[in-house]
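Student: Pasting the sequence and the predicted model now:
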Amino acid sequence: MTYQSFGIVGAGAWGTALAQTLASAGRDVTIWSFEEDCAEDINAEHINRCYLDGVPLNPSIRAVSSPADLAGRDAYLSVAPAQHTRATLASFADHIPAGVPVILCSKGIEIATQSFMSDVLEDVLAHAVPAVLSGPSFAADVARGLPTAVTLACANETVGEALVAACAAPTFRPYFTDDVLGAEIGGAVKNVLAIVCGIVLGKGLGRSAHAAIIARGFAEMRRLGTALGARPETLTGLSGLGDLVLTCSSEMSRNMSCGLALGRGEKLQDIMQGRLAVTEGVATAPALKAMAERLGVEMPISFALADILADRISVNDAMTALMGREHRAEVE
């Protein structure tokens, strides 16, 4: 089983970076863009001025703006923002045949349904073979060919290992797991925690507090994973701890930079209006809180962010409440 031709649904920074990687691995790559001018730039100028300006793209990458023009690929990557994945994939339902892998590359939880992206795929394209690509990876680094290692999850081991071989490039190393849910949990939760880490640093609360949020936030991630049946080793790997460390430690992260602005006193509405790219953690936070409450999972840091974003509590009061919680053993 080999995969030579790939269709990429979404020409944002991450979709473009993945197109670049696949092209460098010698794959036939076609990328679908919602914006026609973006597709024209990729085809004519070999650059994505809209979302990844300054990175020359492999001339072999072809861009289209009609879902029908992405038909006939061996495998697909879904890179639409999490809250738009359902509607976007629905427009491709007639063009992706049964048994074809769809690799989910968006990290989040759908607000309306509290669903991970694999659940959304099951609803919209039940005949597809689901896979998940997640891990510590900034689009600009990947597009420029800097060394990156990620997790590729697929319940079908034969398909998953073939996808790993197809997606691997000299500077892009996927590791296989069959724990799809574990990979999704890490990718979604780390975006929420990264906003909190940004708030802590933007507020001037120090690196000690920042490290505490990462460590205690990881404990929340593992509790959710346990409740949902994910494997602990998935969450301690690249798609969990690895992605958490990266996203919580750099202003290149849209989620952390959002938190930094919030910590400095900027209003969420103003922050979002000034951004072209999506900050997934903002939408995921309330969905994560609702999911955890339904499951009875204790996630105080994540809950605090959801309340901050909804203006139910101030940053100062949230931090005071977190520090004043009942004392307990670190490991339960």
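Tutor: Here it is on my side, so go on.

Student: helix, strand or coil for the residue nearest the centre of the chain?
Tutor: Centroid-nearest residue in the chain: Lys107, 2.6 Å away (criterion: CA atoms, centre = their mean). What DSSP: H, G, I helix; E, B strand; the rest coil gives for Lys107 is coil.

Student: Contact partners for the closest residue to it other than its chain neighbours?
Tutor: Once flanking residues are discounted, Lys107 sits nearest to Gly187: 3.3 Å by CB to CB, 6 or more residues apart in numbering. In short, each C-beta sits where N, CA and C put it, glycine included. Listed by CB atoms under 8 Å, 6 or more residues apart in numbering, the contact set of Gly187 reads Lys107, Gly108, Val132, Ser134, Ser239, Asp243.

Student: quick one, phi/psi of the nearest residue in space to Ser314 that is not next to it in sequence?
Tutor: Leaving aside its sequence neighbours, Ser314 sits nearest to Ile308 (CB to CB, 6+ apart; 7.5 Å). Note on Ile308: backbone dihedrals following degrees, to the nearest 10 are phi -60, psi -50.

Student: swap in the one 10 residues further on?
Tutor: Per-residue torsions, Ala318: phi -60, psi -40 (degrees, to the nearest 10).

Student: dump the residue contacts of it.
Tutor: Residues near Ala318 by CB under 8 Å, 6+ apart: Ala304, Leu305, Asp307, Ile308.

Student: Can you report how many residues neighbour the last one?
Tutor: Pointing back at Ile308 there. Residues near Ile308, counting by other CB atoms under 10 Å, number 22.

Student: Residue numbering should commence at 815 henceforth.
Tutor: Happy to do that; since the first residue is 815 now, the last one works out to Ile1122.

Student: ok, it to Glu1080 distance?
Tutor: Relative to Glu1080, Ile1122 is positioned 13 Å away (CB to CB, to the nearest Å).

Student: starting at the chain centroid, how far to stretch 1083-1093?
Tutor: 17 Å (CA atoms, centre = their mean, to the nearest Å).

Student: If I look at Leu1090, what pLDDT would I see?
Tutor: pLDDT for Leu1090: 80.

Student: and the helix or strand Ala997 falls within, which residues are buried?
Tutor: Per DSSP states H and E: Ala997 is located in helix 994-1016. Residues of helix 994-1016 classed as buried: 994-1016 (neighbour count, 16 or more other CB atoms under 10 Å).

Student: could you dump that helix to PDB, C-alpha only?
Tutor: Extracted C-alpha coordinates of helix 994-1016, given in PDB (Å, rounded to 0.1, in the frame of the first residue of the first chain):
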ATOM      1  CA  VAL A 994      -6.100   8.300  17.500                       C
ATOM      2  CA  LEU A 995      -8.000   9.800  20.500                       C
ATOM      3  CA  GLY A 996      -4.800  10.300  22.500                       C
ATOM      4  CA  ALA A 997      -3.200  12.300  19.700                       C
ATOM      5  CA  GLU A 998      -6.300  14.400  19.400                       C
ATOM      6  CA  ILE A 999      -6.600  15.100  23.200                       C
ATOM      7  CA  GLY A1000      -3.000  16.400  23.300                       C
ATOM      8  CA  GLY A1001      -3.400  18.700  20.300                       C
ATOM      9  CA  ALA A1002      -6.600  20.200  21.600                       C
ATOM     10  CA  VAL A1003      -5.800  20.700  25.300                       C
ATOM     11  CA  LYS A1004      -2.300  22.200  24.700                       C
ATOM     12  CA  ASN A1005      -3.800  25.100  22.900                       C
ATOM     13  CA  VAL A1006      -5.900  26.000  25.900                       C
ATOM     14  CA  LEU A1007      -3.000  25.700  28.300                       C
ATOM     15  CA  ALA A1008      -0.800  27.800  26.000                       C
ATOM     16  CA  ILE A1009      -3.200  30.800  26.300                       C
ATOM     17  CA  VAL A1010      -2.900  30.500  30.100                       C
ATOM     18  CA  CYS A1011       0.900  30.400  29.900                       C
ATOM     19  CA  GLY A1012       0.800  33.500  27.800                       C
ATOM     20  CA  ILE A1013      -1.500  35.200  30.300                       C
ATOM     21  CA  VAL A1014       0.900  34.300  33.200                       C
ATOM     22  CA  LEU A1015       3.900  35.800  31.300                       C
ATOM     23  CA  GLY A1016       2.000  38.800  30.000                       C
END
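
Student: Show the average pLDDT along it.
Tutor: Average pLDDT, helix 994-1016: 98.

Student: what element comes up after it heading to the C-terminus?
Tutor: Assigned by DSSP H and E, the successor of helix 994-1016 is helix 1021-1042.

Student: What are the contacting residues of the helix or strand following that following helix?
Tutor: Following helix 1021-1042 in sequence order, the next helix or strand is helix 1046-1049 (DSSP H and E). Helix 1046-1049 is contacted by residues 965, 967, 991, 993, 996-997, 999-1000, 1032, 1035-1036, 1039-1040, 1054-1055 when judged by CB under 8 Å, 6+ apart.

Student: Using PDB, list the CA coordinates for whatever helix or strand comes next after helix 1046-1049.
Tutor: Downstream of helix 1046-1049, the first helix or strand assigned by DSSP H and E is helix 1057-1061. C-alpha atoms of helix 1057-1061 as PDB (Å, rounded to 0.1, in the frame of the first residue of the first chain):
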ATOM      1  CA  ASP A1057       3.400  19.800  21.600                       C
ATOM      2  CA  LEU A1058       2.500  21.300  25.000                       C
ATOM      3  CA  VAL A1059       6.100  22.400  25.700                       C
ATOM      4  CA  LEU A1060       6.500  24.000  22.300                       C
ATOM      5  CA  THR A1061       3.200  25.800  22.200                       C
END
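
Student: This completes my enquiry, with thanks.
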